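# Here is a sequence together with a model predicted from it:
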Amino acid sequence: MIEDKIKDILAMGQLDDLSSLLDDLQNYIKQEGKKVNSSQLRNIFSKVLQAEKKIDIQLIRPKLMYVAARQTSKEAKKVIEFLEKVASKVENDAQVKNFQTFMEAFVAYHKYFNPKG
């Protein structure tokens, strides 16, 4: 399960078995990502891309919780809370890039599996 792989997510650039992590992400998006609005995800993603340091990611966390609070479905709320949990584990500037890469994959798979979402 992707929820158990936060350390791997934050080390994406150094993983030997990136394929397994991406497979888990695909499965997560297929199962849980259907209810998340793609424009909300892109909004979050744009903020993540602007981040340069750990502090920038930490400042995104309240925005993620605001987005989670506005969700009408439990599934969507759970997905946004998961993203906030990953962001909360960013411990250094090197992990910022890995979190950005993860979010890029997240948005891409969401678009693929939920083209109208």
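Looks like it came in fine.

# which strands and helices sit next to the lengthiest helix in the chain?
If you go by DSSP state H, the chain has its longest helix at helix 93-113. The contact analysis (3 or more CB pairs under 8 Å, 6 or more residues apart in numbering; DSSP states H and E) places helix 93-113 against helix 6-9, helix 18-32, helix 38-50, helix 54-69, helix 74-88. Quick note: C-beta positions are derived from backbone N, CA and C, even for glycine.

# For residue 103, find the nearest of the ones you listed.
Proximity to residue 103 (CB to CB) singles out helix 38-50 among the helices and strands packed on helix 93-113, at 4.7 Å.

# what does the closest one rub up against?
Helix 38-50 is touched from outside by 56-57, 60, 63-64, 67, 80, 83, 99-100, 103-104, 106-107, 110-111, 114, 117, with contacts defined as CB atoms under 8 Å, 6 or more residues apart in numbering.

# and the angle from it to helix 54-69?
Angle of helix 38-50 versus helix 54-69, following axes from the mean of the first three to the mean of the last three CA atoms, to 10 degrees, is 170 degrees.

# what is the mean pLDDT for helix 38-50?
Across helix 38-50, the average pLDDT comes to 94.
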